[in-house]
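Enquirer: need a 3D model of the sequence below.
(chains A, B, C, D, E and F)
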6 protein chains.
Amino acid sequence: MRINRYKRGLKKLKEVDANAGEQVIERLKDIAPDLARYVIEFPFGDVYNRPGLDLKSREIATIAALTTLGNAISQLKVHINGALNVGVSCQEIIEIIIQMAVYAGFPAALNAMYAAKEVFQERDMIKNRKQRIRRSPI
Amino acid sequence: MRINRYKRGLKKLKEVDANAGEQVIERLKDIAPDLARYVIEFPFGDVYNRPGLDLKSREIATIAALTTLGNAISQLKVHINGALNVGVSCQEIIEIIIQMAVYAGFPAALNAMYAAKEVFQERDMIKNRKQRIRRSPI
Amino acid sequence: MRINRYKRGLKKLKEVDANAGEQVIERLKDIAPDLARYVIEFPFGDVYNRPGLDLKSREIATIAALTTLGNAISQLKVHINGALNVGVSCQEIIEIIIQMAVYAGFPAALNAMYAAKEVFQERDMIKNRKQRIRRSPI
Amino acid sequence: MRINRYKRGLKKLKEVDANAGEQVIERLKDIAPDLARYVIEFPFGDVYNRPGLDLKSREIATIAALTTLGNAISQLKVHINGALNVGVSCQEIIEIIIQMAVYAGFPAALNAMYAAKEVFQERDMIKNRKQRIRRSPI
Amino acid sequence: MRINRYKRGLKKLKEVDANAGEQVIERLKDIAPDLARYVIEFPFGDVYNRPGLDLKSREIATIAALTTLGNAISQLKVHINGALNVGVSCQEIIEIIIQMAVYAGFPAALNAMYAAKEVFQERDMIKNRKQRIRRSPI
Amino acid sequence: MRINRYKRGLKKLKEVDANAGEQVIERLKDIAPDLARYVIEFPFGDVYNRPGLDLKSREIATIAALTTLGNAISQLKVHINGALNVGVSCQEIIEIIIQMAVYAGFPAALNAMYAAKEVFQERDMIKNRKQRIRRSPI
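Expert: Alright, predicted model coming up:
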């Protein structure tokens, strides 16, 4: 049964972000491989596999949470990638982060937006959306 | 123009939670009416009115953020009501809060769930969903 | 020398809020009297006694910090009283808390403002300033 | 296998605090029984059951963490009880909380100490230790 | 009217820190120009422009808040510069940060002080104040 | 008397981590030497010198607290070194950090574990414990 949790967790994690899963396993393998196993089993094997909330909504919630925490920029970048991979658009990610200025303050929103910019740049998404930036008329 | 921000903010806030807006205005009117005005103008007049993310997704993000903060239970209850009002289901709210155990820890998730329970009870939603509780087979 | 730190700390704490000091000592006396002693020696005996920043500015900084923390409402109320005692005005306290919406988010600012309202009411300060509420023209 | 995680988790949770486990299950049963199950399976079934750190040290770490969080007073009280149940002394708990003033600030330490006082009073431990309060000579 | 908020916000932001405003606009222009606009309109156009608290006191509050947050070092450096620009002295900034050890813990104070040191060094302020460091007699 | 607090604080700090103390003093000497003095006097001269909790348990509590804060990685590394110096084992440190996933969330635990890995690598402890990594059977 635990093998099932691990297997389905790894499958779900790869669905979200194929590289991130491997990197966590690799990075923890000679210090705390069990923490990597828990990351796969509990968040991805248990929680993200639950019915009742679609994966796109789960990534929206996660980006909001990681922006609010403010000290998990590396995990935020993983989940910005993950959100894009499961169908959240660039613009939706930007909107979530702007909204966090209301709840977590402007510094948290700004730092998260800079992280999003790095992810978008790594994926060459900035230039492709130049005309598409939502810009409210002043 | 500012009147427009206030007006459209009040309209949006009423769309989310009609009572909450009035309570904030009432509660702040003899100490800091401008803070009430800012609540209406910036979060609701500016942010929640933006295109690019639907209102249901905005409430998902807000519930995630307020659960993560952990010290905004009263605002969390407003937005659990708000989420229900704009079409987020009981089960989706429960799923968001469970997921926050991963990012903000179990105490934050438990305290948010107790707040959700109070909201659901005030709205008589617990008894109506007895069979519908998602219960994974053990 | 330690007696001096304690003595001058108690004097400074009484300057800020005479009741609060006694309440902390009383409340901790049968569980952790040393924690009460440290509260008097380090924050009040060492820090608040330092030259280089006037007491009014120190209370401004403390109200900002406690509003930002968001989970120290009881200490915030002590220092709202303290700020009033050392010459910070009602309006200045309100302004600091409004400003914290920018850095710590609106829920933190709202909860701090409700705490300020309680303090002002306990001191019968609301009715005395009815005309004086800063209200920007809409 | 999952039954094993649940069973050994429930056993461990009862070892820490017999009442707390049942209360969480009871309180969540009609809203999110799966969250109660996760509380039992992951923290208690997986983590607290690990070798490599004795249960007393685990409770020391948990009291430090919950004091630092500052917004999990109810969980802190559960673990102050739990710590006492697994052999951490009153005085050790007081020492951990005093130490947290250094890392999480004095308000966090004070609020945690007031919670500890309530637990000690519920267990009639205050009067029994009157002479034993550590009081450094001034 | 919105143009007025933007214009007076930009003016206030330049009064606080001329470079910082342009950098935020530049850094966000191809991802979220509206977030840059909100930074200018709400914090600087609305809040910092309010009467009732002088700009020096506003910067004192902001440095306290950003030190307390602990994860907004880049914004803290902007406002340490801003504080110096509007008349807060080096020594006053140092005092605010020391005081935060009491409320947010020593790590937050230490990390903020290292940030202040970088700002002072960039402005060649360290060497100019060598004799003026407040040093209590031991 | 203050000299005694400073002297015994410096002695205790050197017992925990000889380099760290000197680095803090060096780094703060031309900006805020009094903050360095307070670090030595209060945490190490007062708190860590108290009887009632052994030094190993104190370091366990501190690692838990710093992992939970999430924004004090540099201080966490000092205390991972300190913990090793006073007899906490590699494996115990790993266990504390894994346990923090429960209370502070997985991102906090992961970032703390990466910090621990760096400390262990600097001390050449990874290779020496290859066979000793606790690995639960899957």
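
Enquirer: show me where pLDDT drops low in chain A?
Expert: Counting by pLDDT under 70, chain A contains low-confidence residues at A:1-3, A:127-138.

Enquirer: residues from it in reach of chain C?
Expert: Contact residues of chain A with respect to chain C, defined by C-beta under 8 Å from any C-beta of the partner chain, are listed as A:A101, A:V102, A:Y103, A:A104, A:G105, A:F106, A:P107, A:A108. All C-beta spots, glycine's among them, are computed from the backbone N, C-alpha and C.

Enquirer: what sits against the closest residue to the second one other than its chain neighbours?
Expert: It stands for A:V102. Once flanking residues are discounted, A:V102 sits nearest to B:P43: 4.3 Å by C-beta to C-beta, 6 or more residues apart in numbering or on different chains. Under the criterion of C-beta atoms under 8 Å, 6 or more residues apart in numbering or on different chains, the neighbours of B:P43 are A:V102, B:G9, C:F106.

Enquirer: and the residue nearest to the spatial centre of chain A, what helix or strand is that in?
Expert: Central residue check for chain A by C-alpha atoms, centre = their mean: the C-alpha nearest the mean position is that of A:H79, 1.0 Å away. Assigning secondary structure by DSSP states H and E places A:H79 in helix A:73-85.

Enquirer: and the next helix or strand past that helix?
Expert: Past helix A:73-85, heading to the C-terminal end, the next element that is a helix or strand (DSSP H and E) is helix A:90-104.

Enquirer: and the angle from that following helix to helix B:73-85?
Expert: Orientation of helix A:90-104 against helix B:73-85 (axes from the mean of the first three to the mean of the last three C-alpha atoms, to 10 degrees) gives an angle of 150 degrees.

Enquirer: what's the helix or strand that comes right after helix A:90-104 packed up against?
Expert: Toward the C-terminal end, the helix or strand that comes next after helix A:90-104 (DSSP H and E) is helix A:106-122. In this structure, helix A:106-122 packs against helix A:55-69, helix A:73-85, helix A:90-104, helix C:90-104, helix E:2-28, helix E:33-39, helix E:73-85, with contacts taken as 3 or more C-beta pairs under 8 Å, 6 or more residues apart in numbering or on different chains; DSSP states H and E.

Enquirer: can I get those in TSV including distance to C:L69?
Expert: Listed next are the helices and strands packed on helix A:106-122 as TSV, based on distance: least, C-beta to C-beta, whole Å:
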stretch	distance to C:L69
helix A:55-69	15
helix A:73-85	22
helix A:90-104	14
helix C:90-104	8
helix E:2-28	24
helix E:33-39	23
helix E:73-85	16
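
Enquirer: domain-wise, how is chain A divided?
Expert: Here the domain assignment for chain A is A:1-50, A:53-138, based on automatic domain parsing.

Enquirer: would you mind finding the most buried of these?
Expert: Highest mean neighbour count among these (mean count of other C-beta atoms under 10 Å in any protein chain shown): domain A:53-138, with a mean of 21.

Enquirer: up against chain F, what does chain A have?
Expert: By C-beta under 8 Å from any C-beta, the part of chain A that sits against chain F consists of A:2-3, A:6, A:24, A:27-28, A:30-35, A:37-39, A:43, A:66, A:69-72, A:74-75.

Enquirer: run the last query once more with 6 Å
Expert: Selection of chain A residues close to chain F by C-beta under 6 Å from any C-beta of the partner chain yields A:D30, A:I31, A:A32, A:P33, A:D34, A:L35, A:N71, A:A72, A:Q75.

Enquirer: which single one of those is nearest to chain E?
Expert: If you rank the residues of chain A next to chain F by distance to chain E using C-beta to the nearest C-beta, A:N71 comes first, at 4.4 Å.

Enquirer: for the closest one, grab phi and psi.
Expert: Per-residue torsions, A:N71: phi -120, psi 30 (degrees, to the nearest 10).

Enquirer: if I pick it, what's in contact with it?
Expert: Shown in contact with A:N71 (C-beta atoms under 6 Å, 6 or more residues apart in numbering or on different chains): E:N71, F:G70, F:N71.

Enquirer: and for A:M100?
Expert: A:T67, A:A108, A:A109.

Enquirer: do the same with A:F42
Expert: Applying C-beta under 6 Å, 6+ apart, we find A:F42 in contact with D:F42.

Enquirer: for A:G87, grab phi and psi.
Expert: Note on A:G87: its backbone torsions stand at phi 110, psi 0 [degrees, to the nearest 10].

Enquirer: from what I see, it and A:R58 are in contact.
Expert: No. The pair A:G87 and A:R58 fails to qualify as a contact (C-beta atoms under 6 Å) at a distance of 11.4 Å.

Enquirer: what values do phi and psi take at the residue of chain A found nearest chain F?
Expert: Across chain A, no residue is closer to chain F than A:A72, which sits at 3.6 Å (C-beta to the nearest C-beta). The phi and psi torsions at A:A72 (degrees, to the nearest 10) take the values phi -140, psi 50.

Enquirer: and if you look at A:V88?
Expert: phi -80, psi 140.

Enquirer: how near is it to chain D?
Expert: 25 Å (C-beta to the nearest C-beta, to the nearest Å).

Enquirer: A:N81 - nearest residue in space that isn't next to it in sequence?
Expert: Sequence neighbours aside, A:D17 is the residue nearest to A:N81 in space, at 5.1 Å (criterion: C-beta to C-beta, 6+ apart).

Enquirer: residues from chain A in reach of chain E?
Expert: Of all the residues in chain A, those lying near chain E are A:G70, A:N71, A:I94, A:I98, A:P107, A:M113, A:K117, A:I126, A:R135, A:S136, going by C-beta under 6 Å from any C-beta.

Enquirer: which one is whichever residue of chain A sits closest to chain E nearest to, not counting chain neighbours?
Expert: Scanning chain A for proximity to chain E using C-beta to the nearest C-beta identifies A:P107 as nearest, at 3.6 Å. Nearest-residue entry for A:P107: E:A72, 3.6 Å, with adjacent residues in sequence omitted and distances by C-beta to C-beta, 6+ apart.

Enquirer: so that neighbour sits right up against A:A108, yeah?
Expert: No. If you go by C-beta under 6 Å, E:A72 and A:A108 don't touch, sitting 7.3 Å apart.

Enquirer: quick one, what contacts the closest residue to A:L28 other than its chain neighbours?
Expert: Once flanking residues are discounted, A:L28 sits nearest to A:A36: 4.2 Å by C-beta to C-beta, 6+ apart. By C-beta under 6 Å, 6+ apart, A:A36 lies in contact with A:V24, A:I25, A:L28.

Enquirer: for the second one, what are its contacts?
Expert: Okay, so that is A:I25. With C-beta under 6 Å, 6+ apart as the criterion, the residues that contact A:I25 are A:A36.

Enquirer: swap in 10 Å and give it another go.
Expert: Contacts of A:I25 were listed using C-beta atoms under 10 Å, 6 or more residues apart in numbering or on different chains, and they are A:L10, A:L13, A:P33, A:A36, A:R37, A:V39, A:I40.

Enquirer: the residue of chain A closest to chain E is in contact with E:I73, isn't it?
Expert: Yes. Under the contact definition of C-beta atoms under 10 Å, A:P107 touches E:I73, with a separation of 9.4 Å.

Enquirer: between those two, what contacts are shared?
Expert: Between them, A:P107 and E:I73 share these contacting residues under C-beta under 10 Å, 6+ apart: E:L66.

Enquirer: spell out which parts of chain A neighbour chain D.
Expert: A:1-5, A:34, A:37-38, A:41-43, A:46-47, A:50, A:52 (C-beta under 10 Å from any C-beta of the partner chain).

Enquirer: out of those residues, which comes closest to B:Q121?
Expert: For the residues of chain A next to chain D, the minimum distance to B:Q121 (C-beta to C-beta) is 19.9 Å, reached by A:G52.

Enquirer: what about the closest one, distance to A:E41?
Expert: For A:G52, the distance to A:E41 under the criterion C-beta to C-beta, to the nearest Å works out to 19 Å.

Enquirer: just A:K29 next, same as before
Expert: Between A:K29 and A:E41 the computed distance is 16 Å (C-beta to C-beta).
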